[in-house]
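> quick one: sequence plus predicted model below, questions after.
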Amino acid sequence: MAEPADIFVSYAREDEDRAGRLVRALEACGWRVFWDRTIPPGETWRSHIGVPLDQAAVVLVLWSRHSIDADFVHSEANRAKARGALVPILLDDVSPPLGFEHIHAADLVRWIVGPDTDLPPLLVRTLERRLAQPARATPQPMPQTAPAPQPAPASRVAVPPGRRFSLPMIAGAIVALLVAAGLGALAVGRSDMGGASSEVSKLQDQNRQLQSQLTSAATARQAAEEVAKAANARIAALEKDLRDTQAAKGRAEEASRSVTEKGDASERRARELTQQLDAAKSDLRKATARADAAEASVASLTRQIEALKSAKPAPAPTASALVCRTTHGDCALTEDTAVGGYCWCKRREADSVFADTGTVQVRTVSDSRQGTICQLSEGGMCASKGGRQPLGSSCQCYDGKGQGIIIP
């Protein structure tokens, strides 16, 4: 019976060329790969595809724009997922179907169309780590030629994590296995020597597989250390980004508070300016009303002036006053006397006072209302101290040296 494949490749028929490129790269790494989709005559899906699918340590499911809608690819992926052998691969920029989106897929979108023939290192380390583990499929029973006691399979030896075996230790183990095989062969006789040799060969194969597993484990440990180192660096970068983000948030909050305070001050200033504007509008309305009233008054006065200008001047009123008419002229009466009666008046000339006699007469003047000349009772005239006064009223000289009545 042929040995089971290390890797089973599940793909859609439309992706056969790209799957073949990946298979050649896997085989170049020394792994046995099953990817034949053609069922030979006389075999069933179970015997030709189902058995290799269940026996392979790793099942590579190639997700593409074709395979995400292929039912048989979904079925093979579910079988591999159920026993923990699934390793998804992206050939196109698509999202895995429902139920597989939480399993991280290796991105080969660029590699599958590029010139590089070597697989990405991360995928190689992942496959080495997976293939170093015992397959979960049930192994086929080995034929036995004699009931000789069988040594314990090397694959069942528990290897402590991180334990490294030196060449002397491996050589000693091989010698011990050979001695055990030889003792078993001697126990059943010379006729069974061929079967013992076959068992030794098998043990040697198992020893080589153990050595390969130890090498893969060391490689996986180194890869894990690199991943841990990268993760620590990423954590440090994220912590720095978090600190920077918190600092930026603090600055943004401070700027927001400053803007809010400035906005409140601006709002208060705007209210004050609005109040001042309303007061100015009120004053303007009042001033406009006063201006309108003043304009109306000016218009009224203008109309009155125009009316006065267009009206005919009234004749100047006349008035009469009683005077004492003498040979030297008229003078103010010194006492009340009837018209035509005897009268006398005084006249001041220089430092002398003269008395004149005459008769009372009526004197008519054109300006009968008021005057500024004071006719002295002792004779003579002077400027009235009171300015313009009604005609005939008593008056006093401006210098206070005489009294009389107002004449025009």
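Nice, thanks for sending it over.
> Asp330 sits in which helix or strand?
Using DSSP states H and E, Asp330 sits within strand 329-332.
> whoops, I mixed them up, Leu322
strand 319-326.
> likewise Leu62?
For Leu62, the host element (DSSP H and E) is strand 58-63.
> output the helix or strand following that strand as CSV, nothing but the C-alphas.
As assigned by DSSP H and E, the chain's next helix or strand after strand 58-63 is helix 71-82. Provided in CSV are the C-alpha atoms of helix 71-82 (Å, rounded to 0.1, in the frame of the first residue of the first chain):
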residue,chain,number,x,y,z
ASP,A,71,-19.9,22.6,-2.8
PHE,A,72,-17.3,19.8,-2.8
VAL,A,73,-14.5,22.3,-1.7
HIS,A,74,-16.8,23.3,1.2
SER,A,75,-17.3,19.6,2.1
GLU,A,76,-13.6,18.8,2.1
ALA,A,77,-12.9,22.0,4.1
ASN,A,78,-15.4,20.9,6.8
ARG,A,79,-13.9,17.4,7.0
ALA,A,80,-10.4,18.9,7.5
LYS,A,81,-11.7,21.5,10.0
ALA,A,82,-13.4,18.8,12.1
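> which strands and helices lie in contact with helix 71-82?
Where contact means 3 or more C-beta pairs under 8 Å, 6 or more residues apart in numbering; DSSP states H and E, helix 71-82 is packed against strand 7-10, helix 51-55, strand 58-63, strand 86-90. Placement of C-beta: from N, CA and C, glycine included.
> let me have those in JSON lines, extended by mean neighbour count.
Listed next are the helices and strands packed on helix 71-82 as JSON lines, based on neighbours: other C-beta atoms under 10 Å:
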{"stretch": "strand 7-10", "mean neighbour count": "25"}
{"stretch": "helix 51-55", "mean neighbour count": "19"}
{"stretch": "strand 58-63", "mean neighbour count": "24"}
{"stretch": "strand 86-90", "mean neighbour count": "20"}
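> how about the ones you listed, which one is nearest Asp205?
Across the helices and strands packed on helix 71-82, the minimum distance to Asp205, taken as C-beta to C-beta, is reached by helix 51-55, at 17.2 Å.
> residues contacting that closest one, please?
Residues from elsewhere that reach helix 51-55 (C-beta atoms under 8 Å, 6 or more residues apart in numbering): Pro4, Ala5, Phe8, Ser10, Phe34, Val59, Glu76, Arg79, Ala80, Arg83, Ala135, Ala137.
> swap in stretch 381-389?
Residues outside stretch 381-389 that contact it (C-beta under 8 Å, 6+ apart): 370-376, 395-402, 404, 406-407.
> let's see 6 Å
Gln370, Thr372, Ile373, Cys374, Gln375, Cys395, Gln396, Cys397, Tyr398, Ile406 (C-beta atoms under 6 Å, 6 or more residues apart in numbering).
> pull out the buried residues from the residues you listed.
Burial by neighbour count, judged by 16 or more other C-beta atoms under 10 Å, picks out Gln370, Thr372, Cys374, Gln375, Cys395, Gln396, Cys397, Ile406 from the contacts of stretch 381-389.
> all helices for the chain, in order.
Secondary structure of the chain, counting by DSSP state H: helices at 16-28, 45, 51-55, 71-82, 121-131, 167-188, 193-310.
> and these as TSV, adding distance to Arg110 and mean pLDDT?
Listed next are the helices of the chain as TSV, based on distance: least, C-beta to C-beta, whole Å; pLDDT from 0 to 100:
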stretch	distance to Arg110	mean pLDDT
helix 16-28	12	95
helix 45	34	60
helix 51-55	28	91
helix 71-82	22	94
helix 121-131	13	93
helix 167-188	41	48
helix 193-310	20	79
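> return the most buried member of those helices.
When you average the neighbours per residue for each of those (mean count of other C-beta atoms under 10 Å), helix 51-55 leads with a mean of 19.
> pretty sure Cys374 sits against Gly392.
No. In this structure, Cys374 is not within contact of Gly392 by C-beta atoms under 6 Å, at 11.6 Å.
> any idea how far Arg21 is from the nearest residue to Leu86 once chain neighbours are set aside?
Of all residues not flanking Leu86 in the chain, Ala80 sits nearest, at 4.0 Å (C-beta to C-beta, 6 or more residues apart in numbering). From Ala80 across to Arg21, the span is 21 Å (C-beta to C-beta, to the nearest Å).
> could you dump the buried ones among the contacts of stretch 381-389 to JSON lines with distance to Ser297?
Formatted as JSON lines, these follow (distance: C-beta to C-beta, whole Å):
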{"residue": "Gln370", "distance to Ser297": "30"}
{"residue": "Thr372", "distance to Ser297": "33"}
{"residue": "Cys374", "distance to Ser297": "40"}
{"residue": "Gln375", "distance to Ser297": "43"}
{"residue": "Cys395", "distance to Ser297": "38"}
{"residue": "Gln396", "distance to Ser297": "41"}
{"residue": "Cys397", "distance to Ser297": "43"}
{"residue": "Ile406", "distance to Ser297": "36"}
